[in-house]
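>>> only geometry, no sequence info:
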């Protein structure tokens, strides 16, 4: 399997780097320190403006991957003024930024993660292609004046087939509850649209994609995958020849 294109959750990256050699156990304090270093790197301008992204939702609009720097000021400040959304997995690095961070890192786990994530025979699912049971993180815009936070983490859990305790939030980190089916469908729709826009997937290929392949690719059941595909193809119709 070729490496996934990303983006990768900053929390996922810090947890992977904090794994103890040869074990699934992690140094939780180290994971915090690594995440704080990623946040500090963002604030210092180490990453380009378009390399730090969130899946952002405006009311009535489908979720879209957007650079943090492009968000409305209140939503951007919600991210930049604290670490909770970073820990929730809402903030992500693009594939190129993640790889560059790993290549420059002096942490002992960096070479392992670099091999695991960026070689053909061992690459993890990026958030855009989360495994079954793993909900995509949505940053929901509050324009109704409800007083609720502009950033809201929605759904998540241990990926299917992932060993217990591997790269999941440690004790004391915000836990994410299982996403409802509509949230999973929106997550799959966003992934499909991103693939179409980047040329990774054509509309015709999506239409002809087998149900079992969609289950494996997007980590949802066939009904959810079919609904997502139907909605995406209604927005990106295939012209009749």
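Cool, the structure landed. This one's a predicted model, so the numbers in the text were calculated from it and none came from an experiment. Numbering: from 1, shown residues only.

>>> What's the separation between residue 116 and residue 35?
In this structure, residue 116 and residue 35 are separated by 19 Å, where distance is defined by Cβ to Cβ, to the nearest Å. Backbone N, C-alpha and C define where each C-beta goes, glycine included.

>>> Check which strands are paired with the longest strand anywhere in the chain and give the direction for each one.
Under DSSP state E, the strand in the chain containing the largest number of residues is strand 52-57. Each strand paired with strand 52-57, and its direction, by DSSP bridges: strand 64-67 (antiparallel), strand 92-93 (antiparallel), strand 139-140 (parallel).

>>> re the thing from before, what about residue 116 and residue 35, which has more around it?
When residue 116 and residue 35 are compared on other Cβ atoms under 10 Å, the one with more neighbours turns out to be residue 35, at 22 against 15.

>>> which residues sit in contact with that one?
For residue 35, the residues meeting the contact criterion (Cβ atoms under 8 Å, 6 or more residues apart in numbering) are 10-11, 14, 83, 86-87.

>>> Take those and lay them out in a markdown table including pLDDT and neighbour count.
Formatted as a markdown table, the entries for these read as follows, by pLDDT from 0 to 100; neighbours: other Cβ atoms under 10 Å:
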| residue | pLDDT | neighbour count |
| --- | --- | --- |
| 10 | 92 | 27 |
| 11 | 89 | 27 |
| 14 | 92 | 24 |
| 83 | 84 | 17 |
| 86 | 89 | 22 |
| 87 | 85 | 23 |
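
>>> Inside strands: which ones of those?
Counting by DSSP E, these contribute nothing to strands.

>>> Mind picking the two most distant members of these?
Spanning the widest gap among the contacts of residue 35 are 14 and 83, at 10.8 Å by Cβ to Cβ.

>>> Hmm, residue 89 is touching residue 12, no?
Yes: taking contacts as Cβ atoms under 8 Å, residue 89 lies within contact range of residue 12: 6.6 Å.

>>> more crowded one of these two?
More neighbours surround residue 89 than the other of residue 89 and residue 12, with 26 against 23 (other Cβ under 10 Å).

>>> Just the mean pLDDT for the helix or strand hosting residue 41, thanks.
Counting by DSSP states H and E, the element that carries residue 41 is helix 28-43. Looking at helix 28-43 alone, the average pLDDT works out to 92.

>>> So which bits of the top helix by length along the chain are buried?
Among the elements of type helix in the chain, defined by DSSP state H, the one spanning the most residues is helix 181-198. Counting neighbours by 16 or more other Cβ atoms under 10 Å, one finds that the buried residues in helix 181-198 are 183-196.

>>> out of these, which one sits closest to residue 218?
residue 188 (4.6 Å).

>>> Which residues lie in contact with that closest one in this structure?
When the contact criterion is Cβ under 8 Å, 6+ apart, the partners of residue 188 are 218, 220, 224-225, 228.

>>> Disregarding residues adjacent in the polypeptide, which is nearest to it?
residue 228 (3.9 Å; Cβ to Cβ, 6 or more residues apart in numbering).

>>> Surely the one you found is within a helix?
Yes: following the definition DSSP: H, G, I helix; E, B strand; the rest coil, residue 228 is counted among the residues of a helix.

>>> Assess the claim that it and residue 185 are in contact.
Yes: taking Cβ under 8 Å as the definition, residue 228 is a contact partner of residue 185 at 4.9 Å.

>>> intersection of neighbour lists for the two?
With contacts taken as Cβ under 8 Å, 6+ apart, the residues that reach both residue 228 and residue 185 are residue 220.

>>> Adding pLDDT and distance to residue 106, write the buried residues of helix 181-198 out as JSON lines.
As requested, those are exported to JSON lines (pLDDT from 0 to 100; distance: Cβ to Cβ, whole Å):
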{"residue": "183", "pLDDT": "68", "distance to residue 106": "38"}
{"residue": "184", "pLDDT": "75", "distance to residue 106": "38"}
{"residue": "185", "pLDDT": "81", "distance to residue 106": "42"}
{"residue": "186", "pLDDT": "82", "distance to residue 106": "39"}
{"residue": "187", "pLDDT": "80", "distance to residue 106": "35"}
{"residue": "188", "pLDDT": "83", "distance to residue 106": "38"}
{"residue": "189", "pLDDT": "85", "distance to residue 106": "40"}
{"residue": "190", "pLDDT": "84", "distance to residue 106": "35"}
{"residue": "191", "pLDDT": "84", "distance to residue 106": "33"}
{"residue": "192", "pLDDT": "88", "distance to residue 106": "38"}
{"residue": "193", "pLDDT": "86", "distance to residue 106": "38"}
{"residue": "194", "pLDDT": "84", "distance to residue 106": "33"}
{"residue": "195", "pLDDT": "84", "distance to residue 106": "35"}
{"residue": "196", "pLDDT": "86", "distance to residue 106": "39"}
